[in-house]
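Trainee: here are the coordinates; sequence isn't available:
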């Protein structure tokens, strides 16, 4: 058995439900004659491709195929489809739900070599990138254009990975998530067919929306190789405030009030006192250690002045203790970098830990209650857990660092949180996806009839179940 | 043959490609025992249900089933699925592409009785409606809440119909289309399974996006019976300007400049000189008969003042001749009503005509050239055609009134326009859908491989092809 790696964390995976379908020597030969030394079976390479940012065990693939273009992806898929060999697309490895684990063996399809920006069309405010381009690479390549791509999941994920999980993040409250900002895709289906979805136009009603069917499909229906992105103008001015509150409910109530007022904030991030503390230590900041909202405004000087006034008037009603405005680029960048590092700051609290991050998203009307109940649960369970949230969307994370012996109570806490979110009319995952870790919640959330339709689609499009098996369902 | 109605326009339909699958007496008996006198085979009722706003011929259904709830829809679908009888969902009948034609016979499923607003949750800025609720009905039911549903296709369509075609319209430039404003659905699949998609949360990454797969599927995959909608706060102030230009390219260039500046206009409508003239006559207005942009701003007094200033500074560069600002509710309402009546104003130019409306949507960078070329083509072809457009999205319509004898040149003009739009990287339909009229363009736009995936999905979900046969494919 090639595919059962031994790590301290492998026991969290119930391996019995994943029948082995390892790549045969014949398949490896065929792939080697296609890719030469871009097919690797070296242990270190394989282990690297079984590992992501999550707590999930890391069964490495049987081999890693480093592909350079869409046609090669098509050829790899054809070979694997004929032999029913699993194919697991791999980008930055920043999944938090074990998406890249080779639970049944098979080939990891490393797409990081496909990292060109194909073109930028400033006049259409759009660009086309290969799937292996990363978020920060794109940010840097767009710098001279006055345009930016807004979806910011924190991690330096690849755009292909961001399509796979329907990424969103800190700016979604203003600019939307991947579903709102992807105009079209090039995707390779299991039979090797190359399909171009969408167009360069901002909207369309021409046929089934294959673009949005593939966004969030977690690599289980097709391998996305190119992405047409909608860009936005870099705002004239940006301003960030850190607002400190006496209790978490004041912070969340402020958030919902701002949303109901329709103030177009560009970011609205909740960080609880624990997170502020961890972030101060990890990123050498000096913020007040209280529940806080980090609010970013984008616009012209006039617009920002108006919005600042509205927010300051409103926020006073919620017993705000302190508002620190930062306008210099350096201050803003440092603060956002610290926010993005909150995951590592949290893991840093418990040496040698791995982390589980919850990802519920609930109706705004229920957000305060769900967060308050969750914080009470954390305290009652005596668990270390830091709360951060893209609260303008109703999405928040509890980041729980843990050692192998402490998995069960963490998992039980996560179960209770998801049940709380579903009871409130929400979803078990706002942006991380289902992967390995949330499969049992998918049915709980949508019901059997809905899952049957999803399975019907999967069966019709990938009848040999070669694409990322064991994930989602 | 029950289903071949004789109207002056029926010859535009190539009936040979639609094999008859009329409802048998046994099926009608089963439906009658389910619905009693809510199953009608009266000629007038049937003919009403074969007719929409389009130029397409009107084969009426064999019978009309008036259903009252989701469970009844499920029962009707089960009966029809067992007997492979076509089912054609029917709402307001405002389709412009023949969506409701019973081209193979079968049952028209009249959903207008399902017209309750199920609930309104102001604190979550959401509401749930039955599919038969119309746009204006919803507007009126939301009036007291301070919230509104922004998608406005002009026609008083049902929300179910708006889901079916992925409607958008005048406000999409600011607030998005149905895909951005529907949180979830209740839908009945051909086998009678009732599925609830989405949630009340603003985003989710939990599984395949059945919500957006159904939006725009034109009633070919499932019958949508309830819709969970995202609402927006009614802006403090609204202001509309009619801006007159010497030539159409000045108007369109102004539009693209405003979009590239990122000014968050709430509406930005192009009307060519012909449309201004027709609308003046039909709606008793007195606007200057020149190519015009109608721009609406929504926001606080301060925001609107800032935006007005920015637009006036910018628009001067494009040789604007006149800017008429209207702020009174009456003036604004009258103007928007006139804009919405442009279709009837156009038909009114040619007594006894029917109309074909094109619906291309192109990249913003190509919009001016495509519109200028289209206007030149209109003149060279000696056709009567009025141009209106949701130009902030790159979407515009040429509304062509015609008499039966004049169909061929109209159709040829439409063909040329669609080819122009596709060559520019756009889509054949921004918001009306494919229906009967644009089927040949679907493949031209997406390619065979893409259509094969769509057909695979259709076949898997509706193997007996009972749902709205003959449309889309």
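Mentor: Sure thing, it's come through. Quick caveat: nothing in here was measured; it's all calculated off a predicted structure.
Trainee: Could you report the separation of residue A:280 from residue B:414?
Mentor: Going from residue A:280 to residue B:414 by CB to CB, to the nearest Å gives 63 Å. Bear in mind the C-beta positions are built from the backbone N, C-alpha and C, glycine included.
Trainee: before we move on, what about residue A:291?
Mentor: 59 Å.
Trainee: Of the two, which one has the most company?
Mentor: A count of neighbours by other CB atoms under 10 Å in any protein chain shown puts residue A:291 above the other of residue A:291 and residue B:414, at 26 against 22.
Trainee: so the more buried one touches residue A:245, yeah?
Mentor: Yes - between residue A:291 and residue A:245 a contact is recorded at 5.0 Å, counting by CB atoms under 8 Å.
Trainee: Give me the common contacts of those two.
Mentor: residue A:251 (CB atoms under 8 Å, 6 or more residues apart in numbering or on different chains).
Trainee: Identify the residues contacting residue A:87.
Mentor: If you count contacts by CB under 8 Å, 6+ apart, residue A:87 has them with A:76, A:77, A:80, A:106, A:107, A:109, A:223, A:466, A:467, A:468.
Trainee: cool, and residue A:395?
Mentor: Here residue A:395 is in contact with A:168, A:172, A:359, A:360, A:361, A:389, A:430, A:431, B:201, B:202, B:203 (criterion: CB under 8 Å, 6+ apart).
Trainee: Next up, the contacts around the fourth one.
Mentor: Contacts for residue A:360 were tallied using CB under 8 Å, 6+ apart; they are A:370, A:395, A:396, A:417, A:418, A:420, A:421, A:426, A:427, A:428, A:429, A:430.
Trainee: tell me the domain boundaries of chain A?
Mentor: Domains of chain A are assigned by the TED database as A:23-234+A:435-472, A:237-424.
Trainee: how about the helices of the stretch 301-450 of chain A, start to end?
Mentor: Using DSSP state H, counting those that start in this stretch, the helices of the stretch 301-450 of chain A run over A:301-315, A:329-340, A:342-347, A:364-381, A:407-423, A:439-446, A:448-461.
Trainee: Also the stretch 101-250 of chain A?
Mentor: With helices called from DSSP H, counting those that start in this stretch, the stretch 101-250 of chain A shows them at A:135-142, A:159-165, A:172-175, A:178-181, A:210-214, A:248-261.
Trainee: in the stretch 251-400 of chain A, what residue is nearest chain B?
Mentor: residue A:365 (3.6 Å; CB to the nearest CB).
Trainee: Mind putting the helices of the stretch 301-450 of chain A into TSV with mean pLDDT?
Mentor: Putting those into TSV (pLDDT from 0 to 100) gives the following:
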stretch	mean pLDDT
helix A:301-315	92
helix A:329-340	86
helix A:342-347	95
helix A:364-381	97
helix A:407-423	97
helix A:439-446	95
helix A:448-461	97
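Trainee: Could you identify which of those helices is most buried?
Mentor: The highest average neighbour count among those, using mean count of other CB atoms under 10 Å in any protein chain shown, belongs to helix A:342-347 at a mean of 22.
Trainee: In PyMOL, how would I select just the buried ones from the contacts of residue A:87?
Mentor: PyMOL command restricting the contacts of residue A:87 to the buried ones, with burial defined by 16 or more other CB atoms under 10 Å in any protein chain shown:
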select buried, chain A and resi 76+77+80+106+107+109+223+466+467+468
